[in-house]
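Peer 1: could you look at this predicted model? Sequence included:
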Amino acid sequence: MTESSNAPTDRVRVSPPREEDAPLPHAVRPEPTERAERPGTVGLVLVSHSARLAEGLRELLQPLGGGLVPIATAGGAEDGSPDGGLGTSYERIEAAVAAADAGAGVLILPDLGSSVLTARLVLADLGRVDALLVDAPFVEGGVAAVVAASTGASLPDVAAAAREARSVPKF
């Protein structure tokens, strides 16, 4: 796994650019579904500047995961408004990582810019080796990740699926 070159500390790990690299050793828990989560399923955290965008993507992804994949959102900033306003929140990302953890690691998928920086800071502070920030398209990467996770794929395989979504043409 590669270290981030502009990370706030040397403990931050980001998704490797190559599949053969293995990972080093506001969010609420998703609504209960009729199907129980399998222990050991990779969880997914959607980090966005907009709570509505993150929730909308979660709404799209939940059925694709067949109720097997915990999907947590961390959208918007802490400004007191119901949607959290636009921005990113350290606290929401931290809570989302905990909420999505089902025992096989957590894949963090940011939308852009400061969501990446804030997620890196959270991961540095948490010091978790089983949480992986992935550079992948937000929507297509989320679709690929949740489908892979629903099959019981490992964290590196779920991350690879999310990254591969970048090269899949829309038409």
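Peer 2: Arrived safely.
Peer 1: look up phi and psi at the most centrally placed residue in the chain.
Peer 2: The centre of the chain sits closest to Ile108, judged by Cα atoms, centre = their mean, with a distance of 2.2 Å. Its backbone dihedrals place Ile108 at phi -110, psi 120, with angles given as degrees, to the nearest 10.
Peer 1: Leu44 now?
Peer 2: Note on Leu44: backbone dihedrals following degrees, to the nearest 10 are phi -130, psi 130.
Peer 1: contacting residues for the closest residue to it other than its chain neighbours?
Peer 2: Closest residue in space to Leu44, ignoring its immediate chain neighbours: Ile71 at 4.8 Å, by Cβ to Cβ, 6 or more residues apart in numbering. No exception for glycine: its C-beta is placed from N, CA and C like everyone else's. If you count contacts by Cβ atoms under 8 Å, 6 or more residues apart in numbering, Ile71 has them with 30, 43-46, 58, 61-62, 65, 100, 146.
Peer 1: which one of those residues sits closest to Arg52?
Peer 2: For those, the residue nearest Arg52 by Cβ to Cβ is Arg58; the value is 10.6 Å.
Peer 1: buried sites along the helix or strand harbouring Leu121?
Peer 2: Using DSSP states H and E, Leu121 sits in helix 114-126. For helix 114-126, burial by neighbour count (16 or more other Cβ atoms under 10 Å) applies to 115-116, 118-124.
Peer 1: in JSON lines: those, plus pLDDT.
Peer 2: Formatted as JSON lines, the entries for the buried residues of helix 114-126 read as follows, by pLDDT from 0 to 100:
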{"residue": "Ser115", "pLDDT": "94"}
{"residue": "Val116", "pLDDT": "96"}
{"residue": "Thr118", "pLDDT": "96"}
{"residue": "Ala119", "pLDDT": "97"}
{"residue": "Arg120", "pLDDT": "96"}
{"residue": "Leu121", "pLDDT": "96"}
{"residue": "Val122", "pLDDT": "97"}
{"residue": "Leu123", "pLDDT": "96"}
{"residue": "Ala124", "pLDDT": "95"}
